[in-house]
Structures are given as structure tokens and as C-alpha cells.
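1. Build me a model from this:
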Amino acid sequence: MKLNQFWNPVLLTTILGCMALSGCQTTRSNHFSEWKETPIASARFNIMQALSVPVSAVQQRSRNNGQVLDEKWVLACGKGEVQIQHVSSAWFNPSTISDLKSEETFAAQVIAGAGSNVSLQNTTSVTIPTGRRIGYYADVKKSNGDICQGAIFGIRGKNARMYDNDRGQVDTYIELHYCGDERIDMGTFVETVDMTKNGAANAGQLQDCTSAYSEPKLTETLDTQKKANATVVWDGTYKGSGPIEISHGPTTGVFNVSFDEGLTCEGHFKASDPQKPLNADWSMKCNNGQSAKGFFYPENDKLLYGKGTDQKGSNILLQIEL
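-> Predicted structure coming up:
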């Protein structure tokens with residue numbers, strides 16, 4: 001089962017960075033770079049050492065001119081994620097520390113990500129007296145009985161700075177959500193995760209995930225053709241646009257798209273309602289060896305959105321201007 005079928009990742013909206021030399025001003029800047037896949041040996045955190053479940057992708061990006069470094073670890077081909085935000089030259093402000101200490105805030109954030117029909121069980125504080133690790137983890141019980149796991153906590157990753165006001169406060173915000181078959185030892189994870197000093201802390205291989213593409217089963221005439229422009233945001237892989245050709249019948253169709261930089265993909269889709277042929281599940285494969293699946297949902301007659309994940313579990317967003 002894919003992650004987005006039963007967990008919507010919490011948006012990380014923490015106020016980041018009490019900047020040591022800027023009067024402790026906070027920022028909500030959204031000037032992100034794009035997610036880029038990175039080798040395990042180049043990761044900043046020792047997730048391979050701290051977790052027992054397989055990792056299928058590692059991605060990084062930065063913002064605020066490199067002051068905030070983000071790292072994302074995709075778990076078990078899309079069954080979970082670890083998202084990390086690290087302030088490279090400062091630390092979090094008191095209000096963020098207060099939120100991390102609040103069990104009520106933790107519960108609200110997890111429920112917002114997992115959906116309203118969930119309950120938290122076995123909520124556990126990870127607060128350590130030194131202040132270097134603050135937060136909570138819990139089991140998340142879904143309405144269908146499935147048990148997922150969630151954690152939101154902060155750690156101090158870097159060594160103390162020379163600034164007089166550096167008291168070793170938390171500089172790294174970590175969020176985990178996971179709905180796989182193999183349980184994560186959360187106590188070990190929150191105690192072990194830290195910044196890496198070298199690549200040896202993440203020795204190992206990424207999980208090899210099976211293709212997300214399925215062969216089409218077309219049983220009707222594809223008598224409607226459309227030419228349009230498609231834009232894709234594919235975490236860790238690509239962001240760009242290009243022409244797309246769509247052919248479809250009452251409930252099934254195919255498409256071919258040629259993006260910039262030589263990336264081409266072909267796919268198919270299937271709808272359940274003949275009155276809404278573009279409100280459909282889709283599957284595609286690309287010439288970079290990757291594959292993905294998801295669903296289309298029309299905004300109106302001129303705009304079609306798509307959402308899905310690739311075989312590793314990385315997110316894909318599509319926008320097609322019909």
C-alpha cells in the first residue's frame with residue numbers, strides 16, 4: 001500500500017531559526033530550492049544507522065540562502081518518510097521549543113496529517129533534561145484498524161558555537177510518519193538519530209522498488225484526441241514542462257509527454273464514470289527508467305491536475321492545460 005493512500009504528510013510550518021546575529025528574528029520564507037536525490041554517503045543525518053526499515057530514496061534541498069537545510073528520507077518504497085529541517089548557523093526560537101514540548105500541539109499536528117478519523121496511542125515524550133532532544137512519538141490508529149507510527153521532535157545537531165547566547169538549543173526539526181508492516185523501534189530512533197560526521201554512518205544500499213507501471217487494458221476506441229501542455233514537479237527527479245498528447249474513449253485513454261532535457265514518458269489511464277473520462281487513475285513509465293502511478297482530477301474544462309508517487313515513493317504533481 002502506498003503512503004498517500006492512508007497518510008497525508010504534515011506540512012512543516014515551524015517558525016525556523018532564531019538567528020544569532022540578527023536580533024533573533026524569525027522567518028517563514030518559502031524560497032526553497034528543488035528536492036534533489038543524493039547518495040546515501042552525502043546525507044547529513046545517520047538515518048540508515050538509526051532505523052531498521054529499508055530506505056528507498058534520499059533527497060535534499062535548501063532555503064534562505066543555505067541557512068536552512070532540508071533532508072527527506074523515503075521509507076520502504078513510499079510507506080513512510082523522515083523529513084528533517086536543520087538550521088545551519090543558528091537555532092530555533094523559544095516559541096518553537098515550546099511547541100515541541102507540548103503534547104497537545106504534537107497531537108494536533110499528527111491528526112492534521114493523518115486525518116480526522118484517527119486516534120493516538122502510547123504517546124511518549126522524548127524530552128531529555130539537557131534540552132538536546134525534545135518532542136513526542138506515538139502510534140496512530142486508523143479507522144480501519146491499521147496502526148501507523150508518528151514522531152515530531154527536535155535535536156541539537158551541531159556543536160556549540162562561539163556566540164555568547166548559544167546555550168546548545170535545538171537546531172534540527174525531525175518529523176517521521178510510517179505505515180509499513182515492520183515496526184520501527186521509536187525509542188532507539190529518537191535516541192540515535194544525529195548529524196553524521198562521515199558517510200560511514202549510512203553504510204548500506206537503497207531499497208530496490210518494483211515498477212509502479214502496469215500494462216494498459218484498452219478495450220474501447222480512443223476517438224477523442226487532445227494536445228496540451230503539461231508541467232510536472234517530481235521530487236528528487238525533475239521539474240519542468242512540455243507538450244502532451246492524449247487519446248481517450250469513454251473510460252480509458254493513453255498519453256505521451258515530452259518534457260525538457262530529453263525526459264519522455266508514456267502512460268495510460270482508466271476512469272470509472274463515462275461522464276468524467278479524465279477523472280481517472282493513471283500509470284506511466286519514462287525513458288529515465290522510472291515509473292509512477294496516481295490519479296487525475298479535473299479542476300475545470302481547461303485544467304487537469306494529477307497527483308501520484310513513483311516506484312520509490314517520491315511525490316509527483318502534474319498540471320495539464322487542456
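
2. avg pLDDT for the strand or helix carrying F295?
-> Secondary structure from DSSP states H and E places F295 in strand 291-300. The predicted model assigns strand 291-300 a mean pLDDT of 95.

3. Against which helices or strands is it packed?
-> strand 280-286, strand 303-310, strand 315-321 (3 or more Cβ pairs under 8 Å, 6 or more residues apart in numbering; DSSP states H and E). To be clear about C-beta, it is placed using only N, CA and C from the backbone, and glycine gets the same treatment.

4. Buried ones in that strand, by neighbour count?
-> S291, A292, K293, G294, F296, P298 (16 or more other Cβ atoms under 10 Å).

5. Extract the C-alpha trace of that strand and format it as PDB.
-> Taking Å, rounded to 0.1, in the frame of the first residue of the first chain, the C-alpha atoms of strand 291-300 are listed here in PDB:
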ATOM      1  CA  SER A 291       7.700   4.700 -13.300                       C
ATOM      2  CA  ALA A 292       4.800   6.200 -11.400                       C
ATOM      3  CA  LYS A 293       1.100   6.000 -10.800                       C
ATOM      4  CA  GLY A 294      -1.600   8.200  -9.300                       C
ATOM      5  CA  PHE A 295      -4.900   9.900 -10.200                       C
ATOM      6  CA  PHE A 296      -6.100  12.700 -12.400                       C
ATOM      7  CA  TYR A 297      -8.800  15.200 -11.100                       C
ATOM      8  CA  PRO A 298     -10.100  17.900 -13.400                       C
ATOM      9  CA  GLU A 299     -10.300  21.400 -12.000                       C
ATOM     10  CA  ASN A 300     -12.500  22.600 -14.900                       C
END
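
6. follow-up on the earlier one: would you turn the helices and strands packed on strand 291-300 into JSON lines with mean pLDDT?
-> Putting the helices and strands packed on strand 291-300 into JSON lines (pLDDT from 0 to 100) gives the following:
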{"stretch": "strand 280-286", "mean pLDDT": "97"}
{"stretch": "strand 303-310", "mean pLDDT": "96"}
{"stretch": "strand 315-321", "mean pLDDT": "95"}
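
7. In the stretch 1-150 of the chain, mark out all the strands, start to finish.
-> All strands of the stretch 1-150 of the chain, identified by DSSP state E, counting those that start in this stretch, fall at 36-37, 55-63, 68-75, 80-87, 118-125, 133-142, 147-155.

8. how about the ones you listed in JSON lines, adding distance to K270?
-> JSON lines is the format used below for those (distance: least, Cβ to Cβ, whole Å):
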{"stretch": "strand 36-37", "distance to K270": "30"}
{"stretch": "strand 55-63", "distance to K270": "26"}
{"stretch": "strand 68-75", "distance to K270": "26"}
{"stretch": "strand 80-87", "distance to K270": "28"}
{"stretch": "strand 118-125", "distance to K270": "30"}
{"stretch": "strand 133-142", "distance to K270": "27"}
{"stretch": "strand 147-155", "distance to K270": "29"}
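
9. TSV please, covering those strands and showing mean neighbour count and distance to G306.
-> Listed next are the strands of the stretch 1-150 of the chain as TSV, based on neighbours: other Cβ atoms under 10 Å; distance: least, Cβ to Cβ, whole Å:
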stretch	mean neighbour count	distance to G306
strand 36-37	14	21
strand 55-63	21	20
strand 68-75	23	19
strand 80-87	22	20
strand 118-125	14	27
strand 133-142	21	25
strand 147-155	23	25
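
10. Out of the helices and strands in this structure, which is least certain?
-> Least confident element among the helices and strands of the chain, by mean pLDDT, DSSP states H and E: helix 94-101 (a mean of 88).

11. can you count the residues close to T252?
-> 20 (other Cβ atoms under 10 Å).

12. How about the contacts made by it?
-> T252 is in contact with P216, K217, L218, T219, E220, L222, H268, F269, K270, A271, counting by Cβ atoms under 8 Å, 6 or more residues apart in numbering.

13. Right, I'll leave it there.
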